[in-house]
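>>> I would like the atomic coordinates for the input below:
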Amino acid sequence: MLTCFPVVNEITLMYFLEAFLNLIYPPQCWLCHATLAERRQTLCVSCREKIRHNIPPFCARCSRPLEKLSRSICHQCQKRLPDFDQSWAATIYNDAMKELLHQFKYKGKTGLRHFFADLLFVFIERYKVPVQQFDLLVPMPIHSAKYREREFNQTVLLAELLSKHFSLTCCDHNLARVAHGPAQALLSEKERWTNVQGAFRIRQPQKIKNKSILIIDDLITTGATASSAAITCRKAGARTVGILALSIGQ
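Prediction:
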């Protein structure tokens, strides 16, 4: 007797697999752990609203939101102008972003890179950030000691997604962090600037000579680290240096 079985295509199989996983391991919000409707989601509606998007008017140098429309640069840049040409940041560093970045960097939750990349994509397209004017994307490096602890560099994961989305060349491992001082978060504003002096070097200057460089970072606070990296790139012959960050402090 000939027995007929229903044909199960790949899409149907994936649907049943996801349904099974959702039943056994319900997807949860990365912040509040509420159950999500779909595994592809990252945050629940309530926690999504906690993400504070960076909106204009922006500081002309670092992209912090301006408190007064009469000013062109923010209070931070007025105190000390950073050494990069311009920077852009997609979100404001609040409690929600602090927790998500902590999970991403220190808890190995690398799946968050897709959610973070989407935040950057939306920001770039909404505010016409001129990423296509840059020749190279350069991930902000971490010291080898930190790399051994984490086993990944979070900015490389973001840069790879940006590179693919915008068809830009990602130049990893050329900009290197050679100094391993105290964590910037533990230092005063003044100490942060001295802590990163001479912290970087370029391994192959010929690869960035006369190039326009966009450094990819996860967080800008005082701008000290980004400035030090920008100075290093310029000394190696880079024509212009911009910074694209996921979040920026106020």
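
>>> quick one: Thr91 is in a strand?
Yes: the assignment for Thr91 by DSSP: H, G, I helix; E, B strand; the rest coil puts it in a strand.

>>> Where does the residue nearest the centre of the chain sit: helix, strand or coil?
In the chain, the centroid-proximal residue (C-alpha atoms, centre = their mean) is Asp218; its distance is 3.4 Å. At Asp218 the chain is in strand, as set by three-state DSSP.

>>> any idea how far Phe104 is from it?
8 Å (C-beta to C-beta, to the nearest Å). All C-beta atoms are positioned from the backbone trio N, CA, C, and that covers glycine.

>>> what's around the spatially closest residue to the residue nearest to the centre of the chain that is not a sequence neighbour, how many residues?
In space, Asp218 comes closest to Leu246 once its chain neighbours are excluded; the distance is 5.0 Å by C-beta to C-beta, 6 or more residues apart in numbering. By other C-beta atoms under 10 Å, the residues close to Leu246 number 26.

>>> Assumed Leu246 was part of a strand.
Yes: per three-state DSSP, Leu246 lies within a strand segment.

>>> What residues does it make contact with?
89-91, 97, 101, 116, 119-120, 158, 217-219 (C-beta atoms under 8 Å, 6 or more residues apart in numbering).

>>> For this protein, just list every one of the helices.
Per DSSP state H, the chain carries helices over the ranges 10-24, 45-48, 75-79, 95-106, 112-126, 144-150, 154-166, 189-195, 224-235.

>>> Check these for me and report the most buried one.
Ranked by mean neighbour count, the helices of the chain are led by helix 224-235 with a mean of 22 (mean count of other C-beta atoms under 10 Å).

>>> helices or strands up against it?
strand 175-177, helix 189-195, strand 200-202, strand 212-220, strand 240-248 (3 or more C-beta pairs under 8 Å, 6 or more residues apart in numbering; DSSP states H and E).

>>> mind running it again at 7 Å?
Contacts defined by 3 or more C-beta pairs under 7 Å, 6 or more residues apart in numbering; DSSP states H and E place helix 224-235 against strand 175-177, strand 200-202, strand 212-220, strand 240-248.

>>> what's the angle between that helix and strand 212-220?
For helix 224-235 against strand 212-220, the angle by axes from the mean of the first three to the mean of the last three C-alpha atoms, to 10 degrees is 170 degrees.

>>> quick one: contacts of helix 224-235?
Applying C-beta atoms under 7 Å, 6 or more residues apart in numbering, the contact partners of helix 224-235 are 82-84, 87, 140, 175, 184, 192-193, 196-197, 199-202, 208, 213, 215, 217, 220, 241, 243.

>>> Show me which of these are buried.
Buried members of the contacts of helix 224-235, scored by 16 or more other C-beta atoms under 10 Å, are 82-84, 87, 140, 175, 184, 192-193, 196, 199-202, 208, 213, 215, 217, 220, 241, 243.

>>> mind giving me the domain split of the chain?
9-50, 52-248 (automatic domain parsing).

>>> Any chance of these in CSV with mean pLDDT as columns?
Supplementary listing: those in CSV, determined by pLDDT from 0 to 100:
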stretch, mean pLDDT
domain 9-50, 76
domain 52-248, 92
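
>>> Mind checking the helices of the chain for the one nearest to Asn54?
Taking C-beta to C-beta, helix 112-126 is the member of the helices of the chain nearest to Asn54, at 6.9 Å.
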